[in-house]
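Asks: Below is the structure, and that's it, no one-letter string:
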C-alpha cells in the first residue's frame, strides 16, 4: 500500500493530466467559449449602438453571423462533462481485483520502484 501512496496516486494523476483526450477536449471547450463570448459581446454592442444612435447596425459582415456558437459551446461542455479517459477505465477495472497493487505497478512502471521495492512491500 505504500507504493500506492508514494507512486500510484502520482502516476494515475499524471496519466489523467497528461491525457491527449483531456487536452483536446479542454482546448475545444476554451475555443468554443471564446467564440461564444465574442458572439454575445458583439450582439450586445450592436444592441447598444442601435439603441444609442437609433440606427440599424449592419451585422452582415460579422464573423459569427449565422453561426450558432452557443450550440457549439454547449456541445463542447457536454463532451467535457461526459469525457471518459481510457486510463480511468483501466484503473477502475484494476481496483476491483484482489491483487490491484501489483496490477497497478504493471500499468504504471516506475524506475524508483526497483530501488524502493524492498522498502515498500
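Replies: Structure received. Here the structure is a predicted model, which means the values were calculated and not measured.
Asks: any idea where the helices of the chain begin and end?
Replies: For the chain, the helices defined by DSSP state H occupy 2-3, 9-17, 20-53, 69-81, 86-95, 100-107, 111-120.
Asks: By mean pLDDT, show me the worst of those.
Replies: Taking each of the helices of the chain in turn, the one with the lowest mean pLDDT is helix 111-120, at a mean of 50.
Asks: Could you count how many residues lie near the spatially closest residue to residue 28 that is not a sequence neighbour?
Replies: The shortest distance from residue 28 to any residue other than its chain neighbours is 5.0 Å, reached at residue 76 (Cβ to Cβ, 6 or more residues apart in numbering). C-beta coordinates here come from the backbone N, C-alpha and C atoms, glycine included. Around residue 76 sit 21 other residues, with neighbours defined as other Cβ atoms under 10 Å.
Asks: From residue 22, how far off is residue 58?
Replies: As defined by Cβ to Cβ, to the nearest Å, residue 58 lies at a distance of 41 Å from residue 22.
Asks: Number of residues surrounding the closest residue to residue 90 other than its chain neighbours?
Replies: Beyond its immediate neighbours in the sequence, the residue positioned closest to residue 90 (Cβ to Cβ, 6+ apart) is residue 107, lying 6.3 Å away. Neighbour count of residue 107, defined by other Cβ under 10 Å: 15.
Asks: ok, now which ones touch residue 107?
Replies: The neighbours of residue 107, taking Cβ atoms under 8 Å, 6 or more residues apart in numbering as the test, are 90-91, 94.
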